[in-house]
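Asker: Give me a model of this one.
(one chain, ligands or ions: 1)
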Amino acid sequence: EKEGFEHFTLKEIFEQPKAIRNTLFPRLDKNNDIILDGIKLTKEDIEVFDRVYIVACGTAYHAGLVGRFAIERFAGIPVSVEVASEFRYRDPFIDDKTLFIAVSQSGETLDTLAALREAKRKGARILSIVNVVGSSVTRESHDVLYTWAGPEIGVASTKAYTTQLIAFYLIALYMARLTGKMPENQYHQILDELKGIDKKVEAVLKKADVCKAMAMLQKDNTSVFFMGRGVDVETSFEGSLKYKEISYINSVAIAAGELKHGTIALIEEGTLVMALATQERLFDKMCSNMLEVKARGARVVAIAQEGRTEIEKYASEVFYIPRTMDELAPILSIIPLQLLAYYVSAARGNDVDKPRNLAKSVTVE
Ligand code: F6R
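Answerer: Down below sits the predicted model:
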């Protein structure tokens, strides 16, 4: 039941701290060792892999993009991420040195399942990150890491996404440690931060009213642009999808560095631009991009880490997330975007939990 929330989508957004705890803490012991129940990969197995493919659809695909970032940065293994409907029709390089990771909330998405079967036939090791216990994807995988998000009823994926991110961080750190790719102190530093991330998600949710007020200024917009740099690009894609599917606002997401290669032609007086600027390493570059669109009349709404008040020079509104490591920021930065898309959708009177033309589980091609 909705437990006092107006929609399941909102309830599920607010369930994220708990969903994150349920996915994370059972996999950690008191020494910060990661125990991945359902994954039997040994050091030797991991050292054999020369590539990783992450394959999924929609929001799960966006989680895969963050997964690529984490596996490459932490574990140093090359990763490709692809939408399942395309992967099936290429001739991807797959053999017994390939780790194939399928990501799916439902575990029933037909394209993801078909891609998995193809990879398995060619000899890949199949690991899946799935929410629904016992679903088709899990039954056909060698290894399964469940997200413990609980049932997701709203068609738009929210808590499944953030728990998929947790699953990827766990897998990446596990692989990095087992193969000696990461210094111990760094490993503990990241894990200690990850163990407190649920509290930071709670802090973001406490500011839901700020998002609601921002949403009231956006509800009559017909289009929105998202941009970011580094792993903020992935968050831009996911935020943009939320706006499309529940707010019905035409939305485009790009890497901010791509602006001047075309998209900037669309910026005019009053254009709404959501600027993701959570990556400290790339902060100054991101400010330049914000200036570029602001100079052309864009109304810039930024997401940044607390304390980065200089961003107010480039944005008309800023939502601050608690300070965290750049690497883990995607867990926090998506929350205001989910809330914004939700409040815009509700303000427009849309059927938030069941957006038009969409199904929760896509079992056809
Ligand atoms: C978006 C959304 C969809 C799903 C996609 C994959 O909010 O819900 O894009 O993420 O259809 O579904 P699963 O994860 O069940 O394979």
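Asker: Looking at the stretch 51-200 of the chain, which residue is nearest the ligand?
Answerer: Here the residue of the stretch 51-200 of the chain nearest the ligand is Gly58; by C-beta to the nearest ligand atom that distance is 1.8 Å. Any C-beta I mention is one placed from the backbone N, CA and C, and that applies to glycine too.
Asker: phi, psi of the closest residue to Leu116 other than its chain neighbours?
Answerer: For Leu116, ignoring the flanking residues on the chain, the nearest one in space by C-beta to C-beta, 6 or more residues apart in numbering is Ala102 at 4.9 Å. Phi and psi for Ala102, reported as degrees, to the nearest 10, are phi -100, psi 140.
Asker: just to revisit the earlier point, list the contacts for the residue of the stretch 51-200 of the chain closest to the ligand?
Answerer: Going by C-beta atoms under 8 Å, 6 or more residues apart in numbering, Gly58 touches Ser157, Leu241.
Asker: Give me the pLDDT for it.
Answerer: The predicted structure scores Gly58 at 97 on the pLDDT scale.
Asker: if I look at it, how far off is Leu165?
Answerer: Separation of Gly58 from Leu165 (C-beta to C-beta, to the nearest Å): 15 Å.
Asker: Kindly report the same for Val144.
Answerer: Where Leu165 is concerned, Val144 sits at a distance of 17 Å (C-beta to C-beta).
Asker: who's more crowded, these two?
Answerer: Between Val144 and Leu165, counting by other C-beta atoms under 10 Å, Leu165 is the more crowded of the two (26 against 23).
Asker: Tell me which helix or strand that one sits in.
Answerer: Secondary structure assigned from DSSP states H and E places Leu165 in helix 159-178.
Asker: what about the closest residue to the ligand within the stretch 251-365 of the chain, how many neighbours?
Answerer: The shortest separation between the stretch 251-365 of the chain and the ligand is 4.9 Å, found at Val362 (distances taken as C-beta to the nearest ligand atom). By the measure other C-beta under 10 Å, the count of residues near Val362 is 18.
Asker: And Val83, by the same measure?
Answerer: Considering only other C-beta under 10 Å, Val83 is surrounded by 17 other residues.
Asker: Check the one 10 residues further on too.
Answerer: Phe93 sits with 12 neighbouring residues when counted by other C-beta under 10 Å.
Asker: and it, helix, strand or coil?
Answerer: Per DSSP: H, G, I helix; E, B strand; the rest coil, the secondary structure class of Phe93 is coil.
Asker: which residue sits closest to it, ignoring its sequence neighbours?
Answerer: Taking C-beta to C-beta, 6+ apart as the measure, Phe93 lies nearest to Arg51, with 7.1 Å between them; neighbours along the chain are not counted.
Asker: what about that neighbour, neighbour count?
Answerer: A total of 17 residues lie near Arg51 under the criterion other C-beta under 10 Å.
Asker: Would you mind measuring from it to Pro92?
Answerer: Distance check for Arg51 against Pro92: by C-beta to C-beta, it reads 9 Å.
Asker: For the two, list the residues in contact with both.
Answerer: A shared contact of Arg51 and Pro92, defined by C-beta under 8 Å, 6+ apart, is any residue touching both; here these are Ser80.
Asker: Distance of Lys200 relative to Val233?
Answerer: Taking C-beta to C-beta as the criterion, Lys200 is separated from Val233 by 21 Å.
Asker: coming back round to it: wait, what's in contact with the residue nearest to Leu116?
Answerer: Neighbour list for Ala102: 55-56, 84, 112-113, 115-116, 126-130, 137, 141 [criterion: C-beta under 8 Å, 6+ apart].
Asker: one more time with 10 Å
Answerer: Shown here is Ala102, whose contacts under the criterion C-beta atoms under 10 Å, 6 or more residues apart in numbering are 53-56, 60, 64, 84, 109, 112-113, 115-116, 119, 126-130, 137-138, 140-141, 144.
Asker: go on, Gly270?
Answerer: Gly270 sits in contact with Asn221, Gly297, Ala298, Arg299, where contact means C-beta under 10 Å, 6+ apart.
Asker: Just those residues: which are in strands?
Answerer: Residues of the contacts of Gly270 located in strands (DSSP state E): Arg299.
Asker: Pick out the most distant pair among the contacts of Gly270.
Answerer: When the contacts of Gly270 are compared pair by pair using C-beta to C-beta, the two farthest from each other are Asn221 and Gly297, 14.3 Å apart.
Asker: neighbour count winner among these two?
Answerer: The residue with more neighbours, out of Asn221 and Gly297, is Asn221; 17 against 11, by other C-beta under 10 Å.
Asker: Could you give the backbone dihedrals for the more buried one?
Answerer: Backbone geometry at Asn221, expressed as degrees, to the nearest 10, gives phi -70, psi 150.
Asker: Quick check: the closest residue to it other than its chain neighbours vs Glu258, distance?
Answerer: Spatial nearest neighbour of Asn221, excluding adjacent residues (C-beta to C-beta, 6+ apart): Leu272 at 5.1 Å. From Leu272 across to Glu258, the span is 18 Å (C-beta to C-beta).
Asker: With Asp33 instead?
Answerer: Distance from Asp33 to Glu258, counting by C-beta to C-beta: 41 Å.
Asker: Please apply the same query to Gly239.
Answerer: Distance from Gly239 to Glu258, by C-beta to C-beta: 16 Å.
Asker: In terms of neighbours, single out the busier of these two.
Answerer: More neighbours sit around Gly239 than around the other of Gly239 and Glu258, counting by other C-beta under 10 Å; the figures are 26 against 13.
Asker: quick one: the strands in the stretch 1-150 of the chain?
Answerer: Counting by DSSP state E, counting those that start in this stretch, the stretch 1-150 of the chain has strands at residues 51-56, 79-83, 98-104, 125-130, 143-146.
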